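K.L.:
What follows is a predicted protein model with its sequence.
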Amino acid sequence: MSAERNDHAEQQGPRTRAERHFERARNWGAVKDAERRHRAEKDDR
């Protein structure tokens, strides 16, 4: 990422950055994996 693009991303604030990271994670299946793991841990209690 260029310095100019990075500066722009930083100006968007933490919520926007978090939303981008969440969207990327959802695209590669991490969210579903986390939900499955959470359900399994909950069921084990």
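P.N.:
Now that the structure is in, tell me what you want to look at.
K.L.:
Show me the shaky parts of this protein.
P.N.:
For the chain, the stretches with pLDDT under 70 are 1-12.
K.L.:
Find the nearest non-adjacent residue to the residue nearest the centre of it, please.
P.N.:
Taking CA atoms, centre = their mean, the centroid of the chain lies closest to Phe22, which sits 2.3 Å from it. Computed as CB to CB, 6 or more residues apart in numbering, the closest residue to Phe22 that is not its neighbour in sequence is Val31, at 7.4 Å. Where C-beta positions appear, they are placed from N, C-alpha and C, glycine not excepted.
K.L.:
any idea which element the residue nearest to the centre of the chain lies in?
P.N.:
Counting by DSSP states H and E, the element that carries Phe22 is helix 14-27.
K.L.:
what comes up buried for that helix?
P.N.:
Of the residues in helix 14-27, none count as buried by neighbour count, 16 or more other CB atoms under 10 Å.
K.L.:
Look up how far Arg36 lies from Lys42.
P.N.:
Here the distance between Lys42 and Arg36 works out to 11 Å (CB to CB, to the nearest Å).
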